[in-house]
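[1] could you look at this predicted model? Sequence included:
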Amino acid sequence: MKQRYLPKVFMALIVISSLLFSFQSAFASTPKIEDEALGRTLARQAVKDNKRWSTIDHSKIDALNKDFKTGEEITKACISCHSEAATQFHKTIHWTWLASGDKKDIRYGKAGYSVNNFCISGNAMEDKGCLSCHTSWNKKGVEGDVNCLKCHNDSGFNFNEALGDIKAFLEDGDPDTNEIATDLQQEVKEAVSQVTFPTRKNCGDCHFKGGGGDGVKHGDLDTSLTKPNRMLDVHMGTDGKNFTCTRCHTTVDHHIAGRIYTNPAVETRKSLIEDDLAPKITCVSCHSDEPHKNDSKMNDHTNVVSCQACHIPEYARVNPTMMWWDWTKAGKMKNGKPYIEKGPFGKPVYKSIKGEFKWEKNVKPEYFWSNGSQTSTTINDVIDPAKVVKVSHPVGDKNDPESRIFPFKIHRGKQPYDKVNKKLLAPMLSGEKGYWETFDMNKAIEHGNKTLGIPYSGEFDYVETTYAFPITHMVAPKENALNCNQCHIRKNSRLANITGLYMPGRDKSSLMDTIGWLSVFGALAGVLLHGIGRFFTRNGKEE
């Protein structure tokens, strides 16, 4: 090629290269589906058709088109078609309130030896105040019949109250009250036929208000999730995917997927690609363990950091959650009567029947290694009252392949323990012998421990305790997820208490710093030497 054509060829190559770069940029600005983060693509496929459909209209079922006098009669009508439902449900923790665990001689569960540091114990279902959340009729516990409508009716109708009124009106014998009873019967009949899959409200009637009130227990579960927007939860938002709880908490024979005391929700994380019948209880189920774009550094974190750690930067973002409950302050009176004192957020900061509380909003989680299991200190376990007792705490460490860094709400408080036997105690709260009636903690403990068959020395004091709740709801939009420097930073790192590993940006290592600076100076020296070499060797070559 003649030398006079070289400049033109060179310019043509520059123009072609520029055009190719422009085309690449243009296509990159509108990502194709294959350029999307894998996790988003897989999740979209998993929920492609989320519409509910049914082959039955319950208002046309003869068994439901009758007058009902009791809740048990309604249950009988339900199982006349759903013959195995009650039998299945009787085997679930939602009915028994009992669970197996890591200790064979311990009965876990609200009907067992498990305790917490808010309302303390269910006293083997003897505390009737707790039974408002049991799936039986009229707080009868396992002695009663299953109330199917507790989970499978979205009418909002109070069946227990209506059936009680009907009974009273019919027994009255007055024609006017009999007419009212007839009208109520019609309302019951209409409400009974409104059968549905469990809604967020059905689940939330118990789980949003556990521990005695809205947001007391779980920092990421409260009534704000009944009708949340996408900013509060990208999955449950009514302006987003509008998931119900059972979309992730899938069910087999009425057993609902999820962690149960010491038992993790799943033993191993599997995506639906690996196993199309895998439970959908983990993020990995729908999003895989490489949810980000192929070239994303964030995919290198998923074997160490849970999705929740980054995507739930704060919990209790709408309603406050209780963070402290001190039973030592309970029992104070004003003018000889129990009282309630309210504080920030319009929430009680003191109740004579319960003690002192502290509430918070927009709370940053605390982070721990977790493999999905948790320890559970029961009233049959010996404690050290000189230390803060961990009633529930995550299990895991950096050497466990199933462990990830996970966010938690840590509820703190003070509760009674046996000074002689060195065990936590289970005072009865409601009822004639309960603390809320007698304001005598010693007698309440005697009665409560007796229901569980646990000896009580007669001497009690109070011990400080913690209870860990995994934070896994209230998933924020991706633009609100944590950024790198909220963890990889020397001061105020979110993961300041995660020790035993080197974290770039957070930790200082003389060896690593030396290697890093040697690499930098080595690279600069290489570039400099290469440039000098090119400069001195260019003479004598053709231009």
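    Here it is on my side, so go on.
[2] mean confidence score for the longest strand seen in the chain?
    Counting by DSSP state E, the longest strand found in the chain is strand 404-418. Averaging pLDDT along strand 404-418 gives 98.
[3] export only the CA atoms of it, formatted as PDB.
    Extracted in PDB, the C-alpha atoms of strand 404-418 (Å, rounded to 0.1, in the frame of the first residue of the first chain):
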ATOM      1  CA  ARG A 404     -24.900 -15.700  55.800                       C
ATOM      2  CA  ILE A 405     -24.700 -12.300  57.500                       C
ATOM      3  CA  PHE A 406     -28.300 -11.600  58.300                       C
ATOM      4  CA  PRO A 407     -30.300  -8.700  59.800                       C
ATOM      5  CA  PHE A 408     -32.100  -9.000  63.100                       C
ATOM      6  CA  LYS A 409     -34.300  -7.000  65.500                       C
ATOM      7  CA  ILE A 410     -33.000  -7.600  69.000                       C
ATOM      8  CA  HIS A 411     -35.700  -7.000  71.500                       C
ATOM      9  CA  ARG A 412     -34.400  -6.300  75.000                       C
ATOM     10  CA  GLY A 413     -36.000  -6.400  78.400                       C
ATOM     11  CA  LYS A 414     -36.100  -7.600  82.000                       C
ATOM     12  CA  GLN A 415     -38.200 -10.600  83.100                       C
ATOM     13  CA  PRO A 416     -38.500 -12.900  86.200                       C
ATOM     14  CA  TYR A 417     -36.300 -15.800  86.900                       C
ATOM     15  CA  ASP A 418     -36.000 -18.400  89.800                       C
END
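[4] and that strand, what does it pack against?
    Counting contacts by 3 or more CB pairs under 8 Å, 6 or more residues apart in numbering; DSSP states H and E, strand 404-418 is packed against helix 307-311, strand 321-326, strand 366-370, strand 389-394, strand 423-424, strand 460-470. All C-beta spots, glycine's among them, are computed from the backbone N, C-alpha and C.
[5] now do the fifth one: everything it contacts.
    Strand 423-424 has contacts (CB atoms under 8 Å, 6 or more residues apart in numbering) with 115, 377-383, 389, 391, 415-418, 454, 463, 465.
[6] again, but for the third one
    The set of residues external to strand 366-370 that reach it, using CB under 8 Å, 6+ apart, is 306, 309, 393-398, 400, 403-410, 468, 470, 494-495, 497-498.
[7] beyond that strand, next helix or strand please.
    As assigned by DSSP states H and E, the chain's next helix or strand after strand 366-370 is strand 374-376.
[8] give the partner strands of that next one in its sheet and their orientations.
    When pairing is defined by DSSP bridges, strand 374-376 lines up against strand 389-394 (antiparallel).
[9] circling back: which of the contacts of strand 366-370 count as buried?
    Taking 16 or more other CB atoms under 10 Å as the criterion, what is buried in the contacts of strand 366-370 is 306, 309, 393-396, 403-410, 468, 470, 494-495, 498.
[10] and residue 216, how far from residue 321?
    Going from residue 216 to residue 321 by CB to CB, to the nearest Å gives 7 Å.
[11] what does residue 338 give?
    Taking CB to CB, one finds residue 338 at 24 Å from residue 321.
[12] between these two, which one's more packed in?
    Set residue 338 next to residue 321 and count neighbours by other CB atoms under 10 Å: residue 321 wins out with 26 against 15.
[13] which parts of the stretch 101-250 of the chain are strands?
    Applying DSSP state E, counting those that start in this stretch to the stretch 101-250 of the chain gives no strands.
[14] what ranges does it have for its helices?
    For the stretch 101-250 of the chain, the helices defined by DSSP state H, counting those that start in this stretch occupy 149-152, 159-172, 175-192, 200-207.
[15] out of these, nearest to residue 300?
    helix 200-207 (34.8 Å; CB to CB).
[16] list the helices and strands that closest one packs on?
    Against helix 200-207 (3+ CB pairs under 8 Å, 6+ apart) you get helix 149-152.
[17] identify the residues contacting stretch 172-180?
    165, 169, 170.
[18] could you do stretch 323-330 as well?
    117-118, 120, 350-360, 363, 409, 411-416, 435, 441, 462.
[19] quick one: contacts for the spatially most central residue of the chain?
    Centroid-nearest residue in the chain: residue 472, 4.5 Å away (criterion: CA atoms, centre = their mean). Residues counted as contacts of residue 472 (CB under 8 Å, 6+ apart) are 220, 308, 312.
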